[in-house]
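1. just coords:
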């Protein structure tokens, strides 16, 4: 059912430098037969896929196809919804994060998340928003180390130049696009190896969207990125691989096709993918 | 219809003005320096004031707040952050019942358990306990509503950073809700500061200065009662003056707390 076809790596090498390709051979995340439920309702059915490390993977599909739910299973946020549960396995490296002894709080420290609507902490300054992750996790850093950490992550989020003179101002006073980049800096500050983005641009204007996309591409050199989007152009612009999900007649979201983005958009292997990307539904 | 509604609104709004205005007019002549610095004098002796009552109300109120605020806020945190289901409804129902208890009943209860029981005599601390019982449901209910107003997206953002739940509550939820929580505390203090019936049965009142919580203690509402039931015009004026001071104290405390919270939020 899952149309994952490993095509010839020659095409891959034209785009990615060999070293990164080597790293990609070891998947950053391996999802095995994952199903997710809200109470008695199943939202995600039996998804298996591997996400390559230091690359951008897009998850696309129409509303209600379970793409956000799948994303929230990758850092154990799904189970925070009352009545929600998960079956199956998610491996980060060699560790199954749903194994009994695993602390979800620790997992969330390693997998960062950026949400649909920019959500900086409104009572905190720009500086404190970036410092929030380390502080909330109880790291004790010297003043100088924290200053350095805040600046480094604001730079990584391409926000430093715009906010360096207003670090003490409220994070809520920034523009929408700046707020979202602040949220990215906040997510990066705990040094996650994976960052999940749940439709990060759906509340932003085209220019702010463009800047976020640029940023996603840059960050992919150091961090594994997973981005959920209902915007197919965005998926084709930022991702190296794309997963297409669709809810069946039973309302359960399943993986229809997963492969290299350029191939999925030009020569989809499944008629439903083709129907979706050509705009016939969704 | 509109005219009727308008008239009712006008009446409701003017009630406050009428009451406040009358208190000011009748109470103002009583206010002089001695009124704030002296204790009650025997009738006929010049001077005399409400100093012990003012001090007693502050002490009894602060101690009551020290009991009630942590309990009320903790209960609100519990039902909002940890158990929003059946537990929350049960706790809310219980809080509503306590809030609905006539305050004299609370006074009788504390009188039986502390004044007649554990302590053995009237005491300021018994008054604090009685006021705390009245304050807990007010703090709890208001704090619950305030905590529910904190957007879930902020909790999610904090949890997604790998924060344990208790740190999310301490460093994100409570600071976000601090203005509302301060309002909850002020509401409860304002309500408790004016309670008379439970204090009659617990703190009793005291015409002397006393800061000993284990002894009878003066309080503004008791002092107002004391002056008001007397047959002397001078004491009646002092009762009005004490009423004015009580209203002013509540207003000043509310205002100061809000200002402090707002300044804290701005920095």
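-> Perfect, I can see it now. This one's a predicted model, so the numbers in the text were calculated from it and none came from an experiment.
2. where does the chain dip in pLDDT?
-> All of this refers to chain A. A:1-25, A:282 (pLDDT under 70).
3. chain B is the one I meant
-> B:84, B:264-267.
4. show me which residues of it are close to chain A?
-> Listed as neighbours of chain A in chain B under the rule Cβ under 8 Å from any Cβ of the partner chain: B:84-85, B:151, B:153-154, B:156-164, B:167-168, B:171-172, B:175-176, B:178, B:265. Heads up, the C-betas are built off the backbone N, CA and C, glycines and all.
5. list the contacts of residue B:13.
-> With Cβ atoms under 8 Å, 6 or more residues apart in numbering or on different chains as the criterion, no residue contacts residue B:13.
6. mind checking how far it is from residue B:186?
-> Distance, residue B:13 to residue B:186, using Cβ to Cβ, to the nearest Å: 22 Å.
7. cool, and residue B:242?
-> 21 Å.
8. so the two - more neighbours on which side?
-> A count of neighbours by other Cβ atoms under 10 Å in any protein chain shown puts residue B:242 above the other of residue B:242 and residue B:186, at 27 against 20.
9. the closest residue in space to residue A:275 that isn't next to it in sequence: how many residues sit nearby?
-> Once flanking residues are discounted, residue A:275 sits nearest to residue A:281: 6.0 Å by Cβ to Cβ, 6 or more residues apart in numbering or on different chains. Neighbour count for residue A:281, taken as other Cβ under 10 Å: 9.
10. so residue A:281: helix, strand or coil?
-> Assigned with DSSP: H, G, I helix; E, B strand; the rest coil, residue A:281 falls in the coil class.
11. is it true that it touches residue A:62?
-> Yes. Residue A:281 is in contact with residue A:62 according to Cβ atoms under 8 Å; the separation is 6.9 Å.
12. show me what from chain A comes close to chain B.
-> With the criterion set to Cβ under 8 Å from any Cβ, chain A comes near chain B through A:75, A:77, A:80, A:82, A:105-110, A:112-113, A:115, A:117, A:119, A:121-124, A:132-133, A:135-138, A:183, A:186-187, A:190.
13. among those residues, which are in helices?
-> A:105-110, A:132-133, A:135-136, A:183, A:186-187 (DSSP state H).
14. how close does residue B:60 get to chain A?
-> 33 Å (Cβ to the nearest Cβ, to the nearest Å).
15. quick one: contacts for that residue?
-> Residue B:60 is in contact with B:124, B:127-128, B:131, B:199, B:203, B:217, B:219, counting by Cβ under 8 Å, 6+ apart.
16. now for these: which two are most distant?
-> Spatially, the most separated pair among the contacts of residue B:60 is B:131 and B:217, at 11.8 Å (Cβ to Cβ).
17. okay, helices next: where are they in the stretch 101-250 of chain A?
-> Secondary structure of the stretch 101-250 of chain A by DSSP state H, counting those that start in this stretch: the helices cover A:104-110, A:126-136, A:143-156, A:160-163, A:176-188, A:206-219, A:232-238.
18. oh, I was asking about the stretch 101-250 of chain B
-> B:103-110, B:124-148, B:152-160, B:165-168, B:174-176, B:178-193, B:197-200, B:220-228, B:233-266.
19. what's the fifth one in contact with?
-> Think helix B:174-176. For helix B:174-176, the external contacting residues (Cβ under 8 Å, 6+ apart) are A:121-124, B:77, B:150, B:154, B:181.
20. who does the residue nearest to the spatial centre of chain A form a beta bridge with?
-> In chain A, the centroid-proximal residue (Cα atoms, centre = their mean) is residue A:196; its distance is 2.1 Å. Under the criterion DSSP bridges, residue A:196 forms beta bridges with residue A:113, residue A:226.
21. that one: what's it in contact with?
-> Contacts of residue A:196 by Cβ under 8 Å, 6+ apart are A:71-72, A:74-75, A:111-114, A:226-228.
22. how far away is the residue nearest to residue A:275 from chain B?
-> The value you get for residue A:281 to chain B, if Cβ to the nearest Cβ is used, is 30 Å.
23. same question for residue A:184.
-> 12 Å.
24. report how many residues lie close to that residue.
-> Residue A:184, neighbours per other Cβ under 10 Å, totals 26.
25. how about residue A:213?
-> 20.
26. so who does the residue nearest in space to the middle of chain B touch?
-> In chain B, the C-alpha nearest the mean C-alpha coordinate belongs to residue B:189, at 2.0 Å (Cα atoms, centre = their mean). Applying Cβ under 8 Å, 6+ apart to residue B:189 gives the contacts B:61, B:65, B:135, B:250, B:253.
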